[in-house]
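*Asks:* turn this into a structure:
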Amino acid sequence: MLAGVCVGTNDLAGAGRFYDRLFSVLGMVRTMEADNEIGYGPVGGPSCFWVLEPFDQKRATHGNGTQVTFRALNNDEVNRFHEVALAQGGSDEGAPGFRYRPGYYGAYCRDLDGNKLHIMHEALQE
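*Replies:* Got it, this is the predicted structure:
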């Protein structure tokens, strides 16, 4: 069972500012802090996403083909997540819109270190 995801950063303070603002769109908050990492999760819940400086003290890099996906409550939340990511210095990897299959709405962006983030909402078909 998956407990969480970590992404690397070369600027923990900058990444913290980016994710504080970005995750506020989803109702996520800082759930822990240490010298080299920040954890995020739901209010009152455990950390499930961490941004950290690599343990080996080498430069953090992003993976080709690697992304972290977040589920939005609705299409407006997808739009807001993407908008906030870009406003905080992230880059666009795919504007919000319908894709893949009926009812699937998503967007893609990258954080300040190039980590790819995907936000999506899928309306259930009755």
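
*Asks:* gap between Gly89 and Asn74?
*Replies:* Separation of Gly89 from Asn74 (CB to CB, to the nearest Å): 25 Å. (Glycine included, C-beta is placed from N, CA and C.)

*Asks:* ignore the last one, Gly14
*Replies:* 29 Å.

*Asks:* comparing the two, which residue is more hemmed in?
*Replies:* Gly14 (16 against 11; other CB atoms under 10 Å).

*Asks:* show the contacting residues for the closest residue to that one other than its chain neighbours.
*Replies:* Spatial nearest neighbour of Gly14, chain neighbours left out: Leu112 (5.7 Å); criterion: CB to CB, 6 or more residues apart in numbering. Contact analysis of Leu112 by CB atoms under 8 Å, 6 or more residues apart in numbering lists Thr9, Asp11, Gly14, Ala15, Phe18, Gln88, Gly89, Gly90.

*Asks:* one more: Asn75?
*Replies:* Asn75 neighbours (CB under 8 Å, 6+ apart): Pro96, Tyr105, His121.

*Asks:* residues in contact with the last one?
*Replies:* His121 is in contact with Arg71, Ala72, Leu73, Asn74, Asn75, Glu77, Val78, Tyr104, Tyr105, Gly106, counting by CB under 8 Å, 6+ apart.
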